[in-house]
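[1] sequence unavailable; structure follows:
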């Protein structure tokens, strides 16, 4: 139709296929969404309270148990009650001191590290990558000029030198 649509008429293609942003056709909508992963907001994902180190960042660093720190060799044992009380004191003290420190310092440090990595991401996205891209664009122009200069001046020189030295013959003889 060249004059547009009259009242009550619909364009068959638009009605059947729908808008590319909001498809009316359920087949098109399902096809367009079937291959795409649904993106979840990283701020609303659930936190695993059981496995708090899923990527094993501190797997070999901070595993300190009582047996790793305090050990009595054979022949020099303390009283069993002292050993049990030492174990309990060490374990409970380590547990509650860690909890107290994380309660007092953990949240402010999380804030500091969040700000730090936000700044780092910002600088990388808005400064480093554009500078590198700009440099690569500029160096591409320079490399073309450099290539033209090399082909203009050096190629004829080396070709002439090659022709001059092509008639030189070297032979080696072994004298006895």
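    Sure thing, it's come through. Note that the structure is predicted; figures quoted are calculated from it, not measured.
[2] quick one: secondary structure of the residue most central in space within the chain?
    Central residue of the chain (C-alpha atoms, centre = their mean): residue 121, 10.7 Å from the mean position. At residue 121 the chain is in helix, as set by DSSP: H, G, I helix; E, B strand; the rest coil.
[3] which of the three states applies to residue 72?
    Residue 72 - assigned by three-state DSSP - is coil.
[4] got the contact list for it?
    Listed by C-beta atoms under 8 Å, 6 or more residues apart in numbering, the contact set of residue 72 reads 78, 83. Heads up, the C-betas are built off the backbone N, CA and C, glycines and all.
[5] residue 66 versus that one, what's the distance?
    As for residue 72, its distance to residue 66 is 11 Å (criterion: C-beta to C-beta, to the nearest Å).
[6] kindly report the same for residue 84.
    11 Å.
[7] more neighbours: the two, which one.
    A direct count of neighbours by other C-beta atoms under 10 Å for residue 84 and residue 66 places residue 66 higher, at 15 against 11.
[8] buried sites along the host helix or strand of residue 142?
    Element membership for residue 142, per DSSP states H and E: helix 129-149. By 16 or more other C-beta atoms under 10 Å, helix 129-149 has no buried positions at all.
[9] give the next helix or strand downstream of it.
    helix 155-165.
[10] show me what contacts residue 107?
    Here residue 107 is in contact with no residue (C-beta under 8 Å, 6+ apart).
[11] just how off-centre is the helix or strand hosting it within its chain?
    Using DSSP H and E, residue 107 sits in helix 107-123. Remark: helix 107-123 is offset 16 Å from the chain centroid, using C-alpha atoms, centre = their mean, to the nearest Å.
[12] and the helix holding residue 142 with helix 107-123, angle?
    30 degrees (axes from the mean of the first three to the mean of the last three C-alpha atoms, to 10 degrees).
[13] check the offset of helix 129-149 from the chain's centre.
    Using C-alpha atoms, centre = their mean, the mean C-alpha position of helix 129-149 is found 26 Å from that of the whole chain.
[14] so which elements touch that helix?
    With contacts defined as 3 or more C-beta pairs under 8 Å, 6 or more residues apart in numbering; DSSP states H and E, helix 129-149 has no helix or strand neighbours.
[15] residue 118 and residue 53, how far apart?
    Counting by C-beta to C-beta, the gap from residue 118 to residue 53 is 23 Å.
[16] before we move on, what about residue 45?
    Distance of residue 45 to residue 53, computed by C-beta to C-beta: 16 Å.
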